[in-house]
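Asks: Below: sequence and its predicted model.
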Amino acid sequence: AQSVAQPEDQVNVAEGNPLTVKCTYSVSGNPYPFWYVQYPNRGLQFLLKYITGDNLVKGSYGFEAEFNKSQTSFHLKKPSALVSDSALYFCAVRDPRYNFNKFYFGSGTKLNVKP
Amino acid sequence: EAGVAQSPRYKIIEKRQSVAFWCNPISGHATLYWYQQILGQGPKLLIQFQNNGVVDDSQLPKDRFSAERLKGVDSTLKIQPAKLEDSAVYLCASSRFGNEQFFGPGTRLTVL
């Protein structure tokens, strides 16, 4: 079965410290991973995605993600966390085997950045 | 460009009543998705349209949920009759093929 795992329900980090939010997946073929962020009472917003090329992808708001094909992981990172980064983060993977967009979502990781 | 529009933003109904949600995707986006997001969980795909055709409705409870996308533009999701466990946020999203999804603000449904 296709799946996306976010092993941490919650990540706590102090402002100014680096952060990592983990994502691993089990999806057939060569899937394309994405990250989305959800602020309270808002819909999900796209952060970044991997397509091809450099394994370190840079996205919005200073976030980046490291694609590791052998470990089927796409961990989200930021060198210096801000309090305003506190939100719910979702990893998603697009299954390329279909001729339409088919996505699988993880269960989400709540990021708490403390001043 | 304008984002994905959804209405209403909030809805409170009693169990066994009916409810409908509306979504207007971003212009030019052929794919439209309806997700159910229960508190503390990730989005669960209910139905996906490619233009005005359904490409995936495998997780749609078809005995009570229905959706349509007339003319391949806006879409309506209906629940009839509602159950307590339908309390959730209903998210609509749209995309071009191969690209990321753009989400609307969602409709928070409370079933009493």
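Replies: Happy to help now that I have it.
Asks: can we go C-alpha only for contacts and neighbour counts from here?
Replies: Will do.
Asks: Run through the strands of chain B in chain order.
Replies: B:5-7, B:10-13, B:19-24, B:31-37, B:44-50, B:53-56, B:65-68, B:75-79, B:88-95, B:102-103, B:107-111 (DSSP state E).
Asks: To A:Leu56, which of those strands lies closest?
Replies: strand B:102-103 (22.9 Å; CA to CA).
Asks: now check that closest one, is it near chain A?
Replies: Yes: against chain A, strand B:102-103 shows contacts by CA under 8 Å from any CA of the partner chain at B:Phe102, B:Phe103.
Asks: Kindly report the residues of chain B close to chain A.
Replies: Counting by CA under 8 Å from any CA, chain B sits next to chain A at B:31, B:40-44, B:50, B:55, B:91, B:97-98, B:100-106.
Asks: if we can go back for a sec, okay, the strands of chain B in a markdown table with mean pLDDT next?
Replies: Converted to a markdown table, those look like this (pLDDT from 0 to 100):
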| stretch | mean pLDDT |
| --- | --- |
| strand B:5-7 | 96 |
| strand B:10-13 | 97 |
| strand B:19-24 | 97 |
| strand B:31-37 | 95 |
| strand B:44-50 | 93 |
| strand B:53-56 | 92 |
| strand B:65-68 | 96 |
| strand B:75-79 | 98 |
| strand B:88-95 | 95 |
| strand B:102-103 | 94 |
| strand B:107-111 | 96 |
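Asks: Now do the lowest-mean-pLDDT helix or strand in chain A: which elements does it pack against?
Replies: Using mean pLDDT, DSSP states H and E, the weakest-scoring helix or strand in chain A turns out to be strand A:103-105, at a mean of 89. For strand A:103-105, the packing partners by 3 or more CA pairs under 8 Å, 6 or more residues apart in numbering or on different chains; DSSP states H and E come out as strand A:3-5, strand A:87-94.
Asks: before we move on, the earlier item: need the strands of chain B in JSON lines (columns: distance to A:Tyr39 and mean neighbour count).
Replies: Output for those, formatted as JSON lines (distance: least, CA to CA, whole Å; neighbours: other CA atoms under 10 Å in any protein chain shown):
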{"stretch": "strand B:5-7", "distance to A:Tyr39": "17", "mean neighbour count": "20"}
{"stretch": "strand B:10-13", "distance to A:Tyr39": "17", "mean neighbour count": "14"}
{"stretch": "strand B:19-24", "distance to A:Tyr39": "20", "mean neighbour count": "20"}
{"stretch": "strand B:31-37", "distance to A:Tyr39": "14", "mean neighbour count": "24"}
{"stretch": "strand B:44-50", "distance to A:Tyr39": "18", "mean neighbour count": "23"}
{"stretch": "strand B:53-56", "distance to A:Tyr39": "28", "mean neighbour count": "16"}
{"stretch": "strand B:65-68", "distance to A:Tyr39": "27", "mean neighbour count": "18"}
{"stretch": "strand B:75-79", "distance to A:Tyr39": "24", "mean neighbour count": "19"}
{"stretch": "strand B:88-95", "distance to A:Tyr39": "14", "mean neighbour count": "25"}
{"stretch": "strand B:102-103", "distance to A:Tyr39": "12", "mean neighbour count": "24"}
{"stretch": "strand B:107-111", "distance to A:Tyr39": "15", "mean neighbour count": "20"}
